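Student: Could you look at this predicted model? Sequence included:
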Amino acid sequence: MPAPRSDYTGCTVMIYDAEGNHLVSTKVTYYEKSALRIEVAEIPPKLTHGSSCKLLILSSPSPYDYQGRVRRDGARSNIAMYLGHEKESRNAVRYRIDSSALIENLICDNRPYALHTPLEVKLINISKSGVRFSAPYSSLTDGDRFQMRLKINESDKLLIADVVHHIDFEPEKSEYGCRFLIGSEKVGGVANDKE
């Protein structure tokens, strides 16, 4: 597992409350080891001063799990500061996500091969180590490696993952459990992250 990046400024961040409910997605505007700031158009009511929250920062080569408490910035009401630390756990926490993504490339021998028609998938949950999604029946198989584009708040993220296992629900859809490819920021010269 690679060490966390030194700066997450500009990365998309997904914010969850203590129960794992997705509250908002936005961007990190400032980051240091024990504090980060984010700017949101409207601070969700559940993020009151002092409340605990969990953050999943969509960074390259893999997402980063962060946990802290809310501090409101007195100068501007639309700025929230989160003081905290990397969330420590043996198993990556899975966060519910209600969003879609596109699988644009399959990867073979470290080279991306563009799909004639990108595959749209429905995300179910995401963690710093992987993602689960549903897709049309039998779209992928175990062992497939792919490049997925997530679009959150006008921010593009390219994440690379392997299919670990899947469940078929004939004849309509399949669900896929996938592991992010850790430690590889580029595949065939194609950057894995746009920030």
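Tutor: All right, it came through fine.
Student: which ones are touching T26?
Tutor: Applying CB atoms under 8 Å, 6 or more residues apart in numbering to T26 gives the contacts T12, V13, I15, I38, E39, V40, N153. All C-beta atoms are positioned from the backbone trio N, CA, C, and that covers glycine.
Student: Ok, F180 next?
Tutor: If you count contacts by CB under 8 Å, 6+ apart, then F180 has P61, S62, P63, K128, S129, G130, V131, L159, I160, A161 around it.
Student: Bridged to the spatially most central residue of the chain, which residues?
Tutor: Among the residues of the chain, the one closest to the centroid is L58, at 4.3 Å (CA atoms, centre = their mean). Note on L58: beta-bridge partners T12, judged by DSSP bridges.
Student: if I read this right, it contacts I15, doesn't it?
Tutor: No - between L58 and I15 there is no contact under CB atoms under 8 Å: 11.9 Å.
Student: May I see the contacts of F180 organised as CSV, with distance to L140 and neighbour count added?
Tutor: Formatted as CSV, the contacts of F180 follow (distance: CB to CB, whole Å; neighbours: other CB atoms under 10 Å):
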residue, distance to L140, neighbour count
P61, 21, 17
S62, 20, 29
P63, 21, 26
K128, 22, 24
S129, 18, 18
G130, 14, 21
V131, 12, 23
L159, 15, 24
I160, 14, 25
A161, 10, 23
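Student: Can you tell me which of those residues is nearest K122?
Tutor: Distance to K122 across those (CB to CB) is lowest for V131, with 11.2 Å.
Student: related to what we said a few turns ago, tell me which of the contacts of F180 fall in strands.
Tutor: Using DSSP state E, the members of those that fall in strands are G130, V131, L159, I160, A161.
Student: list the contacts for the second one?
Tutor: It refers to V131. Taking CB under 8 Å, 6+ apart as the criterion, V131 is in contact with L123, N125, M148, L159, A161, C178, F180.
Student: which of these lies closest to S52?
Tutor: Nearest member of these to S52, counting by CB to CB, is N125, at 19.9 Å.
Student: and the helix or strand hosting N125, what does it pack onto?
Tutor: Using DSSP states H and E, N125 sits within strand 111-126. Here strand 111-126 touches strand 95-108, strand 130-136, strand 145-152, going by 3 or more CB pairs under 8 Å, 6 or more residues apart in numbering; DSSP states H and E.
Student: Break the chain down into its domains, please.
Tutor: Here the domain parsing of the chain from automatic domain parsing is 12-86, 95-191.
Student: will you turn those domains into a markdown table that also has distance to S6 and mean pLDDT?
Tutor: Below are the domains of the chain laid out as a markdown table (distance: least, CB to CB, whole Å; pLDDT from 0 to 100):
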| stretch | distance to S6 | mean pLDDT |
| --- | --- | --- |
| domain 12-86 | 9 | 78 |
| domain 95-191 | 14 | 85 |
